[in-house]
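> Fold the stuff below for me.
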Amino acid sequence: MVARYADACNLSADPPVIVAHKLEVLARHCDAEDRDYDAIDKTILGFAQPLDDPDGFLAPMEACAALGIDSVSLMPMTDDPVASVTRLCDEVVPNVVQIGS
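Coordinates of the predicted model:
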């Protein structure tokens, strides 16, 4: 369905090896549909809590970026989402932004 109709593909943020497999499957479907694989935005929905281990979060994000993932969406899993997002922006986002620079 993505290869035929979609402009974007949002995957679960599984380990990068699984993301790679899913993207390989998408590429094969794009070939079968004569669709430009690179025209599809590739994103992931992360369930990790990057503030628990910022460096541990960064490594799989680097691997996913190398696979062509364009962005990651996160959901703050805390009683204080504003504080969580503020810390995320201060402590994690600057390092994620540097990926691929």
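> any low-confidence regions in this protein?
100-101 (pLDDT under 70).
> ok, now with 90
Counting by pLDDT under 90, the chain contains low-confidence residues at 12-14, 46-58, 70-79, 81, 84, 91-101.
> Just want the most central residue of the chain.
In the chain, the centroid-proximal residue (C-alpha atoms, centre = their mean) is residue 44; its distance is 3.2 Å.
> Would you agree it falls within a strand?
Yes: under DSSP: H, G, I helix; E, B strand; the rest coil, residue 44 falls within a strand.
> Would you quantify the distance from it to residue 38?
17 Å (C-beta to C-beta, to the nearest Å). In this view, the C-beta of every residue, glycine as well, is placed from N, C-alpha and C.
> picking up where we left off before, so the residue nearest to the centre of the chain versus residue 82, what's the distance?
Distance, residue 44 to residue 82, using C-beta to C-beta: 24 Å.
> What are the boundaries of the helices in the chain?
All helices of the chain, identified by DSSP state H, fall at 2-5, 16-33, 54-67, 81-91, 93-97.
> Could you dump those helices into CSV with distance to residue 73 and mean neighbour count added?
Listed next are the helices of the chain as CSV, based on distance: least, C-beta to C-beta, whole Å; neighbours: other C-beta atoms under 10 Å:
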stretch, distance to residue 73, mean neighbour count
helix 2-5, 17, 14
helix 16-33, 14, 15
helix 54-67, 12, 16
helix 81-91, 12, 13
helix 93-97, 12, 13
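> Same list, those helices, but as JSON lines with distance to residue 75 please.
Shown next, in JSON lines, are the helices of the chain (distance: least, C-beta to C-beta, whole Å):
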{"stretch": "helix 2-5", "distance to residue 75": "22"}
{"stretch": "helix 16-33", "distance to residue 75": "18"}
{"stretch": "helix 54-67", "distance to residue 75": "14"}
{"stretch": "helix 81-91", "distance to residue 75": "9"}
{"stretch": "helix 93-97", "distance to residue 75": "15"}
